[in-house]
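**Student:** model this:
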Amino acid sequence: MQSCVGGTARILATISPDTVLPPGEYFVIVGAAFSGTMPNGQVVDTVGGSGVIARNRHGAHTDSVGLSSSSPCREDGSATPCDNSSLGRDSDSRDTDHNSADFTCRIPSPGETNL
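**Tutor:** Now for the predicted structure:
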């Protein structure tokens, strides 16, 4: 996973290639300031910048979310930043490649179903 800071992408985390997520499971990447519990994920120094990009093991772009119209992470429009919550998808986990439609503010709930 890479963060977008200005026009530059910085690697935040690399998930082991032998990691398998069954349907309905999740992997959470959080900054060191996160104070909740996280049974399945990875802590990084900080998740800063204007968005994040997920890439597969071959380096190909698989998904991204940008928080500003200038973010190199955005997909056809930026998502709305959230105060005291996190961005998430609906229970169908739709991906229309339009961040403002695909992501909404959600209460962080590691370990629970994302509805």
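
**Student:** And what about D76, helix, strand or coil?
**Tutor:** Secondary structure, DSSP: H, G, I helix; E, B strand; the rest coil: D76 is coil.

**Student:** Pretty sure N99 is one of the things it touches, is it not?
**Tutor:** Yes. D76 sits in contact with N99 when judged by Cβ atoms under 8 Å, with a separation of 7.2 Å. The way it works is simple: take the backbone N, C-alpha and C, and place the C-beta from them, glycine included.

**Student:** neighbour-wise, which of the two wins?
**Tutor:** N99 (24 against 12; other Cβ atoms under 10 Å).

**Student:** and the gap between that one and S35?
**Tutor:** Distance check for N99 against S35: by Cβ to Cβ, to the nearest Å, it reads 26 Å.

**Student:** Equivalent analysis for D83, please.
**Tutor:** 16 Å.

**Student:** One more: P23?
**Tutor:** Relative to S35, and taking Cβ to Cβ, P23 is found at 29 Å.

**Student:** dump the residue contacts of the residue in the chain sticking out farthest from the centre.
**Tutor:** For the chain, the largest distance from the centre (Cα atoms, centre = their mean) belongs to D18, which lies 20.0 Å off. Contacts for D18 were tallied using Cβ atoms under 8 Å, 6 or more residues apart in numbering; there are none.
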